[in-house]
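> model this:
(chains A, B and C)
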Amino acid sequence: MNKALVSINNVKYKYPGQEVYALSNISFDIFEGEWLAIVGHNGSGKSTLAKLLNGLQFPEEGTIFVDDLKLNEDTVWDVRKKIGMVFQNPDNQFVGTTVKDDVAFGLENHGIPRETMVERVEDSLKKVKMESFLDQEPHHLSGGQKQRVAIAGILALRPDIIILDEATSMLDPRGREEVLETVRKLKNEARITVISITHDLEEAAKADRIIVMNKGELFREGIPEEIFQMEEELIKLGLDIPFPVKMNKQLRQRGIQVSKHYLTEEELVAELWTSYLKT
Amino acid sequence: MDILLKDVEYRYQANTPFERLAITDVTIDIPAGTYMALIGHTGSGKSTVLQHLNALLKPTSGTVKIGDREIIANRKEKNLKSIRQKVGIVFQFPEHQLFEETVEKDICFGPMNFGVSEAVSKERAKACIQQVGLTEDILQKSPFELSGGQMRRVAIAGVLAMEPSVLVLDEPTAGLDPRGRKEIMDMFYNLHKERNLSTVLVTHSMEDASQYADQILVMHRGQVLKRGTAEEIFSEPKDLIELGLDVPEVVRFQLKFENTFQTKFKKICLTTEQITDEVAAFLKGRDS
Amino acid sequence: MMEKMIFGRYVPAESVIHRMDPRSKLLIVFLFVCVVFIANNFWTYTLLAIYTFGMVGFSTISPRFLYAGLKPVLWLVIFTLILHVFFTKEGELILDLGLIKIYEEGLRQGIFISLRFFLLILMTSLLTLTTTPIEITDGLENLLNPLKKIKFPVHELALMMSISLRFIPTLMQETDKIMKAQIARGVEFSSGPIKERVQAVVPLLIPLFISSFKRAEELAIAMEARGYRGGEGRTKYRQLSWTSRDTVMIIVLALMSVLLFLLRD
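Below is the predicted model:
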């Protein structure tokens, strides 16, 4: 087992002036190199969780450790170097007047010397395949391109973790695929840990592990196969189940046995094919 | 009310150095009572077409016929208001248009602009707020203290209260969670059925297009590429895939199944039930 | 109309003026605004005009474009001229048309003052035409840096300017979108009595304000998440480079100022 990069212990949080706790009794670990999807309907507390991880809010009770560093007001700037965050609205996180200025923004904040900056700006933009857009202004970019620039801005700081806070929910399918593909590549090549807050179940199905949030509590935690076992429960929570799982269920109702819950169409077809050949 | 676009061309910032051709040669007829889905990539011209449906944009060449009104390129048009009452548009992220102090006032804003009395507008507000799945007590609240999903519904109610005979929807569910998405899409479908509303849906979701629309129009690079029923459009999925567009997951599964099993089902399936029936029949067919 | 206005627009090119350091350009414009007032006779104004047109020439911006763009402002210049010509009653009478009397001093002042006005407009437009807004911001930040000693928020000001520049196009798109949404709900922005038209702005402005606040909030969070905590300890990515070209340009202007002093009455 990889070591726990982030550990969250009994965290409680409520927004100022609110009665209801946005998060209560949350405890879990995030492991190095994994892709963790946090799912839940709007208002389930999943975005609040992301804000706590990055020290944009501090828990009322409980502790959060990031890479053995206890998150508090003194350590928050060091933690922010380790955790990069991509937000939902591509426009409202683009600070620079051009692509390269935006990527440099985080570096400037951390006082990185200029020579290093120039190198890292180009290098990070290459990693997200935006190197030919160096001098572009943001209003000439698509949503997916803006999000990739945001990712480059994070990469430039050499983080351990990237949090995608519904980062693809405002994009068209093409933009969504661009962004996810970029993150997948980074996860594999640069061993970056990914925390994806999403209600895109297709995306969650491809994660290493899923956490389901409901009403500010951790409802269930497990690998995708386990999570999607609870079909009806997920739907009751306002979520959906991926198409192959729906098919599994319907096939079973028609008397065709499928050995387990497949999460991709390929796997399901492959299993049907093998059992077809056997009989 | 019928809508007909004939040979429509539109150029943004025409006659300036920044001129850009957005759509060309677009001919579309939308007879009363149609549910039409417009699909295509961002930038394929869908939004431009949509804005012609209630004369927000006027063609730079060609004609648009909305009911008995005809909008002809290069002609001064007056009193477009009557068109706008009949064709309601729900824009993407419609919650951005809310501005009144209370939800009720915001919903009444549209109808009252079109000369409906305050009393009648308030009646409509009550009916519409329920239609979009909210309760009456929300009417006296400020729209800005609501959640994002509730704001979206209020904004939609504001368009419904105009009682249009054509409803144009520009990705009305973008950014919502799965349950919210399904509720809103079902509501629009019911309205379409109950009031015989023409509905034009611009969407990226092939599932929505195949599930709700009786006509699908594929736009590509400012032109109409294809038009037909969901069966017709998705029975040639390769064309769509070549354009880099998605096909519904059911269709995708069918293609993979047919490929692996070297078979071909009689028709293209559009629902999970249909495909499971076909697959089950195929697998059992060999058993017997 | 809006498309033709060139005030505040940047025209990309590779001219000498374009490649100058924004600081030297800002300094030159600032100095120019001062020395313009030294001129008070035919020779000094001629010198100023030669200098200004020389700069325009170096910028490679087409005179026709400049003329078309400055046309609306030219009316103001002509208006200034007329005002002075008709209402200054000093010096010899040169034309008497009964009601309208034109005096020598009036003509002289009219021409000089409107010329001064025109040259000022030309020089300042030249600055914005050849310098991107962000360069101007950087230049200003750098020039104002000494003011940090008296706690003047130079960095914050520059950041505010650059963020505003960044969001102008976004805000324009947003305005267009909300306007269309409200037109679709029956608002008429461009017809009807004045009172109604003024009222029609409310459904446009309130959503714009609200979305701007929301943007500001989200942007602030995003900036914080990216490690922003004020100007302290920040390095800069964009760099300004002062070359000998800039020094020469400043010297030229200084020499001209000296000449102006010598030539004035």
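> Name the SS class of B:Thr16, please.
coil (DSSP: H, G, I helix; E, B strand; the rest coil).
> actually A:Gln88, sorry about that
coil.
> so how many other residues sit close to it?
19 (other Cβ atoms under 10 Å in any protein chain shown). Using the backbone N, CA and C atoms, a C-beta is placed for each residue, glycine as well.
> Skipping its backbone neighbours, what lies nearest it in space?
Nearest residue to A:Gln88, sequence neighbours excluded (Cβ to Cβ, 6 or more residues apart in numbering or on different chains): A:Glu166, at 4.4 Å.
> near chain B, which residues of chain C show up?
C:3, C:174, C:177-178, C:180-188, C:202-203, C:206-207, C:210-211 (Cβ under 8 Å from any Cβ of the partner chain).
> same question but for the stretch 1-150 of chain A, I mixed them up
So the stretch 1-150 of chain A meets chain B at A:41-43, A:88, A:142 (Cβ under 8 Å from any Cβ).
> okay if I get those residues as TSV plus secondary structure and pLDDT?
Listed next are the residues of the stretch 1-150 of chain A next to chain B as TSV, based on DSSP: H, G, I helix; E, B strand; the rest coil; pLDDT from 0 to 100:
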residue	secondary structure	pLDDT
A:His41	coil	83
A:Asn42	coil	80
A:Gly43	coil	81
A:Gln88	coil	94
A:Ser142	coil	94
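> taking these as a set, which two sit the farthest apart in space?
A:Gly43 and A:Ser142 (28.8 Å; Cβ to Cβ).
> What strand or helix carries B:Glu56?
Wrong residue type there; residue B:56 is Leu, not Glu. Assessed by DSSP states H and E, B:Leu56 sits outside every helix and strand.
> mind listing what it touches?
The contact partners of B:Leu56, by Cβ atoms under 8 Å, 6 or more residues apart in numbering or on different chains, come to B:89, C:180, C:183-184.
> one more time with 6 Å, if that's ok
By Cβ atoms under 6 Å, 6 or more residues apart in numbering or on different chains, the contact list for B:Leu56 reads C:Lys180.
> Helix, strand or coil: sort out A:Arg158 for me.
Under three-state DSSP, A:Arg158 comes out as coil.
> what's the answer for the one 5 residues further on, then?
Counting by three-state DSSP, the backbone at A:Ile163 sits in strand.
> Which strand residues bridge it?
A:Met85, A:Ile195 (DSSP bridges).
> Is it correct that it is in contact with A:Ile195?
Yes. Counting by Cβ atoms under 6 Å, A:Ile163 touches A:Ile195, with 4.6 Å between them.
> residue nearest the centroid of chain B?
B:Leu201 (1.2 Å; Cα atoms, centre = their mean).
> In a strand, it, correct?
Yes. Secondary structure assignment places B:Leu201 in a strand (three-state DSSP).
> What residues are bridge-paired with it?
B:Ala37, B:Leu169.
> And it, how far from A:Leu186?
Separation of B:Leu201 from A:Leu186 (Cβ to Cβ, to the nearest Å): 36 Å.
> and if you look at B:Thr102?
Taken as Cβ to Cβ, the span from B:Thr102 to A:Leu186 is 47 Å.
> Look up which residues are beta-bridged to residue 23.
In the absence of a named chain, chain A is used. If you apply DSSP bridges, the partners that A:Leu23 bridges to are A:Tyr13.
> sorry, should have said chain B
B:Ile23 forms beta bridges with B:Tyr10, as assigned by DSSP bridges.
> Now do the contacts for the residue in the stretch 1-150 of chain B that chain A sits nearest to.
Per Cβ to the nearest Cβ, B:Thr42 is where the stretch 1-150 of chain B lies closest to chain A, at 4.8 Å. Taking Cβ under 6 Å, 6+ apart, we find B:Thr42 in contact with A:Asp172.
> Is it correct that it falls within a helix?
No. Secondary structure of B:Thr42 (three-state DSSP): coil, not part of a helix.
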